[in-house]
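A.B. asks: Below: sequence and its predicted model.
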Amino acid sequence: MTIQDSNLQVMNPGTEQAVSRLFEEFSRDKLKTRLIGSGSKSNLGNPLGSYQRLVSSVQLAGLVDYQPEDLTITVQAGMPFAKLQSILGEQGQMLPLDPPELEGQTIGGLLATNRNGPRRLLYGAARDLLIGCRFVLSDGSIGHSGGRVVKNVAGYDLHKLFIGSFGTLGMLTEVTFKVAPRPQYVGAGQAEFGSVEQAYQAARQCVRSNLTPSALETVQEDISPNASCILLFAAEGMRVAVDGQLAGLSEICRKAGAVSTKLLEDGPAVLQAEANLENRYNTLEGQPLQIRVSTTLTGLPRAHALLAEIGRAAGGDARVVSRAGSGITYLLARPAPPKLEKLAPLIKKGREASQVDGGSLVVERAPVEIWPQLDAWGDFGDANASMQALKNALDPRHLLNPDLFKL
Amino acid sequence: MSVSEKDAAQVGPEVKATPIDREKLVRDMAGIVGPEGVLHKTYDLKLYEYDGSVDKHLPEVVVFPRSAEQVARIVKYCNREQLFYTARGAGTGLSGGSIPLRGGILVAFTRMNKILEIDAENLRAVVEPGLVNLHLSQAVAPYGLYFVPDPSSQKACTIGGNVAENSGGPHTLVYGVTTNHVTGLEVVTPDGEIRHYGGKATDAPGYDMVGLFVGSEGTLGLVTKVTVKLTPLPPAVKTFLAIFDSVEKCSNAVSGIIRNGVIPAALEMMDNLMIGAVEASSHAGYPLDAAAVLLVECEGLPDALEQQAGTIEDICRREGATQFRTAKDAAEREALWKGRKGAFGAVGRMSPDYYVVDGVVPRSKLPKVLAAVGDISRKYNLPIANVFHAGDGNLHPLVMFDGNKPGDLQKAVKAGEDIIRMCAEEGGTLSGEHGIGVEKRDMMCFIFNEDDLAIMRRVRQAFDTKGLCNPEKVIPTPGRCGETRIATARKAQEIYERDAMQAW
Ligand SMILES: Cc1cc2nc3c(=O)[nH]c(=O)nc-3n(C[C@H](O)[C@H](O)[C@H](O)COP(=O)(O)OP(=O)(O)OC[C@H]3O[C@@H](n4cnc5c(N)ncnc54)[C@H](O)[C@@H]3O)c2cc1C
């Protein structure tokens, strides 16, 4: 479901005030509104319910304030992510978020969908980097939270609520991040293990060690039972320190039973390719099936097995990759042709098994036929009432991105 | 009627508490938590009417629940009887967060202080909110782990208080403050229901309820269980002092270090007045003749550590540091930290009273802002000592005064307000870690306009529909913002007599 499919005209307000005026009008007329950035991630999550207006943030793309010496930057939410990185890059800095690259994707869209990548192990996810925002609620009211300083406890951290909210609470108009200096050097290596369990055990030992890897990713390209598994590791900082870290990580892997270990050329490219893996499955021709399970580090082998089982049932090209230091694992698949009658019950079963220790199973992308049988996020447990109360407080008429969250 | 009661009567007409039948209340509470879990004699209540700030107000009763179920029953009772309730940890808060400004029930969490689980493999612990911060790090040390947020009050303050205030500490510069180290909460929401947000896993689907609750100062519900992240202890640390002959050079060094990106694990600054106070009380080893010092701590693998420390030393020298002293051993390191963490207490021994101000500015503004703090000190003719988390731009000017001198307290409060106003004007904020509470409630409009505040009120009311949970905190009543709260600020004398404060 791309923007072109919809016969609605995209409205591109160029100021926060303009967004506010539009929303005020829509709210008066009870018009349901779909919010987008560049529309690059429209196929994430449940399909939307019907809507009468379509608003994009792409005209809100300016740089508001950049203080390299304070390591903070404020930009409008519709700025393309790549543009933000290039502005920071000129000063030798970066926003340490490494989501899958998508043409034109905006900062606001990345935050709303809470995307990140392998290096979250070292730098954290969006919630650890966003320090303030401005937003417009569905009734047109404009608000802000946080600020432009790295430490701030004044008022509620409303900016955290927008991360992963999929545009259901309001429209981000301006965001402030704490940024980081670009590391002098990024190095990567990999170890091959005879089993998935061994790979995860090695990853856990890396996490508990003296070392500070910036990424630990397991990749299993062949998801048949008992197939081998790769553990990718990376470190960044000053060259000597990185070399030491990589040697230490290789050593841990060898002791944990790695069949082989090697260092890889061009660490940054290796990590970006890893972040971009899902793009191979998320193509226009195919119908991707992309499932994420969040769990504990010790829960990963089980979650991995569960996703591999779904992948095998789906048929076609499939692999399981994990942020093995962060407790996140993904099934990336392109079922051909999708065996839906088998998949939905299997996914539901997997979801139940995942809901321990605060864990969850999220269907991020799926063939459209599956949605009537499945909710992307699953129920929110006893937190549901609180989320509903929030939604009712901030978007009382449920106008924004209707039905995306079943609240 | 106390000053704040009068205040409440004026500003909170929308919520009326029922006249209280105290005997019945005590009986009913004893029915929930047992008679040993209720305090009601004025003599006992007096110990719970204040925290580390200058405000105070008596609760009707103090109750000590032992389980989430008991907390839920207390909250449901309050709903039924229209009673206000306020959570309290150790009462070390510095913005009045745990003061029951409108009386009612004070829910004290000190008996819910167990570590429920240490899950070292998953770098998590599950704890009750009344657990003392330091006790957690001590308990997980045998696993080679610690809990990063280390407020200077960590010997006394509770994890529940840390969660409510989103507390920081000297070592939160690189690894982040409380919100970055909490992955799950069990909360009794103001409807009296027990709810679970997040858990040991991260990235829970839906809204980031944990992110909203951490730092909400006990206004959205009562926390009954906390899942925290644990972090491996660093393989090696190097602690050193950079000594300066001017405050300006010292603050330039701080912004130089940040700009360079070699951010150490801790970067704390003290000025001459503060050094004098610290040395008088603890002989930590700080040079009495320095205008300012930076206490720097680097962590990591030995090689990288030396390199980082070297870079920081170069920057400090370039900015005019006169001397460098490295802690030779664990004892010297500990002495330096003991001095730093005991800094507030040290000022308490030097001046009859002091007022801790907590503000934040962009780090590049530190030189300018510190100079202005000096001007404010002269303007009010009150000494102001500085000790703070320089790496975050988080100032803690300590305004010294004598509460027995007429007008002195008012002057101190005014000086604090001037400092906060200036932080806001320089692009900073009202509080980096001590919270808004009641102290800064009416300063919120320095950085938030009525629309911002109205939205925060909507969020609050979404949870606290009846307006009974920690009333009068954080968000000002419409139209009242910006008024100086000098009327409710009181003599701070009593707070030094209290038990918890003796710990420093
Ligand atoms: C000498 C000294 C040094 C300090 N140094 C620092 C420092 O370095 N960094 C820093 O950040 N702070 C510091 N503080 C401030 C204070 O210690 C922290 O804010 C601390 O987190 C408060 O914890 P507490 O248990 O004392 O909470 P309290 O003061 O009892 O309560 C604080 C707030 O938490 C709420 N609360 C408590 N428990 C719960 C619960 N279970 N559920 C919901 N709400 C709850 C209360 O309602 C109140 O709003 C210092 C204080 C002192 C006196």
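C.D. replies: Cool, got the structure.
A.B. asks: From now on I want contacts and neighbour counts done on CA atoms only, so please keep to that.
C.D. replies: Will do.
A.B. asks: which ones are touching the residue most central in space within chain A?
C.D. replies: The residue lying closest to the centre of chain A (CA atoms, centre = their mean) is A:Arg115, at 1.9 Å. Applying CA atoms under 8 Å, 6 or more residues apart in numbering or on different chains to A:Arg115 gives the contacts A:99-100, A:126.
A.B. asks: For it, give me the pLDDT.
C.D. replies: pLDDT recorded at A:Arg115 is 97.
A.B. asks: Assign it to helix, strand or coil.
C.D. replies: When classified by DSSP: H, G, I helix; E, B strand; the rest coil, A:Arg115 comes out as coil.
A.B. asks: Taking the stretch 51-200 of chain A, what residue is nearest to the ligand?
C.D. replies: Nearest residue of the stretch 51-200 of chain A to the ligand: A:Val153, at 9.4 Å (CA to the nearest ligand atom).
A.B. asks: Does that residue touch B:Asn166 like I think?
C.D. replies: Yes: the pair A:Val153 / B:Asn166 is scored as a contact, 6.8 Å apart, by CA atoms under 8 Å.
A.B. asks: Give me the more crowded residue out of those two.
C.D. replies: Remark: of A:Val153 and B:Asn166, B:Asn166 carries more neighbours, 29 against 26, as counted by other CA atoms under 10 Å in any protein chain shown.
A.B. asks: which residue packs closest to the more buried one, ignoring adjacent ones?
C.D. replies: B:Gly215 (4.4 Å; CA to CA, 6 or more residues apart in numbering or on different chains).
A.B. asks: Please apply the same query to B:Ile455.
C.D. replies: In space, B:Ile455 is closest to A:Gly143, 6.8 Å off (CA to CA, 6+ apart).
A.B. asks: just how off-centre is the helix or strand harbouring that neighbour within its chain?
C.D. replies: Using DSSP states H and E, A:Gly143 sits within strand A:142-146. Strand A:142-146 has its C-alpha centroid displaced from the chain centroid by 23 Å (CA atoms, centre = their mean, to the nearest Å).
A.B. asks: Need the residues that contact the helix or strand just after it.
C.D. replies: Note on strand A:142-146: by DSSP H and E, the next helix or strand toward the C-terminus is helix A:158-162. Contacts of helix A:158-162 with the rest of the structure, by CA under 8 Å, 6+ apart, involve A:111-112, A:127, A:130-133, A:144-146, A:169-170, A:172, B:207-209, B:211-212.
A.B. asks: How about stretch B:257-272?
C.D. replies: Taking CA under 8 Å, 6+ apart as the rule, stretch B:257-272 contacts A:68-71, A:180-181, B:170-175, B:247, B:254, B:288-299, B:308, B:311-312, B:315, B:363, B:385-391.
A.B. asks: near chain B, which residues of the stretch 101-250 of chain A show up?
C.D. replies: Within the stretch 101-250 of chain A, the positions adjacent to chain B are A:128, A:141-145, A:147-158, A:160-165, A:180-181, A:204, A:208-211, A:238, A:240-241 by CA under 8 Å from any CA of the partner chain.
A.B. asks: of those residues, buried ones?
C.D. replies: The neighbour count (16 or more other CA atoms under 10 Å in any protein chain shown) marks A:128, A:141-145, A:147-158, A:160-165, A:180-181, A:204, A:208-211, A:241 as buried among those.
A.B. asks: which secondary element of chain A has the worst mean pLDDT?
C.D. replies: helix A:340-354 (a mean of 92; mean pLDDT, DSSP states H and E).
A.B. asks: quick one, phi/psi of B:Lys56?
C.D. replies: Per-residue torsions, B:Lys56: phi -160, psi 160 (degrees, to the nearest 10).
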